[in-house]
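In: structure, please.
(chains A and B)
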2 protein chains.
Amino acid sequence: MQNDKAAASVEQQIIQLERQALERWCQGDPSGFLEISALDVVYFDPFLEHRIDGLRALTEYYEALRGQVLAERFELLNPLVQLVGSGAVLTFNFVSWGEGGEEHRWNCTEVYRRSGSRWQIIQTHWSFTRTGN
Amino acid sequence: MQNDKAAASVEQQIIQLERQALERWCQGDPSGFLEISALDVVYFDPFLEHRIDGLRALTEYYEALRGQVLAERFELLNPLVQLVGSGAVLTFNFVSWGEGGEEHRWNCTEVYRRSGSRWQIIQTHWSFTRTGN
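Out: Below is the predicted model of the structure:
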């Protein structure tokens, strides 16, 4: 029971971290993600020809996007956290709505690693969700 | 040094597991992946409108593809394993060539969890890699 409670608390903490970083992301601020990403973070999205390796390269990539990503609102659909020792795998479908009401749908996998009392992202994978159209 | 050796050995083991499952996958046989996936596996690919949750649902999805995926050859580009306690995060770019020589490029994230002496997949995320075209 105690373990269940502890696990539920970690799950909430991870989802909260992600949500806070996404709030900033959707206002054009990539720093929320950069501040919680580890030095050895790796990263995929649909606009890249190769995986990005490491915080320095990810920072360069994100800084070029600063001020450009704007969403009115978003939802994390069905977020799930799988705990693996000092790691936590967060998966969710993500939907955001732009200023013109246009909808964007994504698949996301984040792997967090506990580092002392903090959790840091070591792997991010964003991809487009198939839409019914 | 001993730790480095142990880590290198686990990394090789994980990449080998993935490669063996992919060999079978590229011959139309999804059982290689199903045999090493955990009951609580979750799964994304570009053809789905939502995450798949659980081995039963993944089995149903994969069985419908049995015999349909055929590739002449494939390569794992730059596979990387990040160890997190009893977990291992494998990421790579994947390229396969069909019978007509057509090329397919993917991003892949697999999260493995150690279960006794075995490693099992608890998360799979496949997405298309952007190509230069």
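In: contacts for stretch A:24-43?
Out: A:17, A:20-23, A:51-55, A:58-59, A:61-63, A:65-71, A:73-74, A:96, A:113, A:115, A:118-125, B:80, B:82, B:91 (C-beta atoms under 8 Å, 6 or more residues apart in numbering or on different chains). C-beta: built from backbone N, CA, C; applies to glycine.
In: what's the average pLDDT for it?
Out: The average pLDDT within stretch A:24-43 is 98.
In: buried ones in it, by neighbour count?
Out: A:24-26, A:29-30, A:32-34, A:36-38, A:41-43 (16 or more other C-beta atoms under 10 Å in any protein chain shown).
In: likewise stretch A:117-132?
Out: A:119-127, A:129.
In: of those residues, closest to B:Ser86?
Out: Among the buried residues of stretch A:117-132, A:Ile122 lies closest to B:Ser86 (C-beta to C-beta), at 14.9 Å.
In: ok, that closest one to chain B distance?
Out: From A:Ile122 over to chain B the distance is 5 Å, taken as C-beta to the nearest C-beta, to the nearest Å.
In: pretty sure that residue contacts A:Arg113?
Out: Yes. Look at A:Ile122 against A:Arg113 with C-beta atoms under 8 Å: they come within range, at 4.9 Å.
In: which neighbours do those two have in common?
Out: Common neighbours of A:Ile122 and A:Arg113 (C-beta under 8 Å, 6+ apart) are A:38, A:87, B:82, B:84.
In: which strand or helix spans A:Thr59?
Out: helix A:55-63 (DSSP states H and E).
In: can you say which of the contacts of stretch A:24-43 are buried?
Out: A:17, A:21-22, A:51-52, A:55, A:58-59, A:62, A:69, A:71, A:74, A:96, A:113, A:119-125, B:82, B:91.
In: among those residues, which ones are in helices?
Out: Members of those lying in helices (criterion: DSSP state H): A:17, A:21-22, A:55, A:58-59, A:62.
In: which one among the residues you listed gets closest to A:Lys5?
Out: A:Leu17 (18.9 Å).
In: the closest one: what's it in contact with?
Out: Contacts of A:Leu17 by C-beta under 8 Å, 6+ apart are A:36, A:112, A:119.
In: A:Gln12 belongs to a strand?
Out: No. Assignment of A:Gln12 by DSSP: H, G, I helix; E, B strand; the rest coil gives helix, placing it outside any strand.
In: how much space separates it from chain B?
Out: 19 Å.
In: quick one: pLDDT of that residue?
Out: The model's pLDDT for A:Gln12 equals 96.
In: tell me, how many residues neighbour it?
Out: If you count neighbours by other C-beta atoms under 10 Å in any protein chain shown, A:Gln12 ends up with 11.
In: for A:Asp53, name its beta-bridge partners.
Out: A:Asp53 forms beta bridges with A:Val42, as assigned by DSSP bridges.
In: am I right that it is in contact with B:Leu80?
Out: Yes. Assessed by C-beta under 8 Å, A:Asp53 is found in contact with B:Leu80 at 7.2 Å.
In: and the buried residues of stretch A:117-132, which is closest to chain B?
Out: Nearest to chain B out of the buried residues of stretch A:117-132 is A:Ser127 (C-beta to the nearest C-beta; 3.1 Å).
In: and the closest one, what does it touch?
Out: A:44-46, A:106-107, B:44, B:46, B:107, B:125, B:127-128.
In: buried among those? Make that a PyMOL selection.
Out: Typed into PyMOL, the next command selects the buried ones out of the contacts of A:Ser127 (criterion: 16+ other C-beta under 10 Å):
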select buried, (chain A and resi 44+45+106+107) or (chain B and resi 44+107+125+127)
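In: of the contacts of A:Ser127, closest to A:Val10?
Out: B:His125 (21.3 Å).
In: distance of the closest one relative to B:Val41?
Out: 11 Å (C-beta to C-beta, to the nearest Å).
In: close to chain B: what parts of chain A are there?
Out: A:40, A:42, A:44, A:46-51, A:53, A:77-78, A:80, A:82, A:84-87, A:89, A:91-93, A:107, A:109, A:111, A:113, A:122-123, A:125, A:127-132 (C-beta under 8 Å from any C-beta of the partner chain).
In: in strands, which of the residues you listed appear?
Out: When the residues of chain A next to chain B are checked against strands (DSSP state E), the matches are A:40, A:42, A:44, A:53, A:77-78, A:80, A:82, A:84, A:87, A:89, A:91-93, A:107, A:109, A:111, A:113, A:122-123, A:125, A:127-128.
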